[in-house]
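Peer 1: fold the following and give me the result.
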Amino acid sequence: MGDKLSPKRVSLSLGIVTGIISIVCALLILIAPESTTKLFGAIFHGIDVSQITKPITLNGALIGTIEVIVIALIVGWLFATIYNKLKN
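Peer 2: The predicted structure follows:
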């Protein structure tokens, strides 16, 4: 039984990591928007993401960070729950 994952710990861990990544992303866009846009274009295999970007606002960054944290909490909980069910 020691091999089971704690859904609460997994979801909180994923939520924290996702929140940190979101904050770093927002800071990168504020500090170096052109370089960050090029980086994301490379990550998405050459897709021109500059066509879908808009200026970042504090409100938008906060709402986006909260949204991705909530999604990560749900995904982390689901992952651990499914893992534990399959482990049985």
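
Peer 1: what about the helices in the protein?
Peer 2: 7-31, 33-43, 58-87 (DSSP state H).

Peer 1: could you export those helices as CSV, including mean neighbour count?
Peer 2: For every residue, glycine as well, the C-beta is placed using N, CA and C. Formatted as CSV, those follow (neighbours: other C-beta atoms under 10 Å):
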stretch, mean neighbour count
helix 7-31, 16
helix 33-43, 14
helix 58-87, 14
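
Peer 1: hmm, who's touching the helix or strand of the chain with the lowest mean pLDDT?
Peer 2: Lowest mean confidence among the helices and strands of the chain (mean pLDDT, DSSP states H and E): helix 33-43, at a mean of 90. With contact meaning C-beta atoms under 8 Å, 6 or more residues apart in numbering, helix 33-43 is reached by 25, 28, 29, 47, 48, 49, 50, 53.

Peer 1: could you rerun that using 10 Å?
Peer 2: Contact with helix 33-43 is made by 25-30, 32, 47-53, 55-56, as judged by C-beta atoms under 10 Å, 6 or more residues apart in numbering.

Peer 1: isn't residue 27 up against residue 58?
Peer 2: No: applying C-beta atoms under 10 Å as the test, residue 27 and residue 58 come out as separate, 11.6 Å apart.
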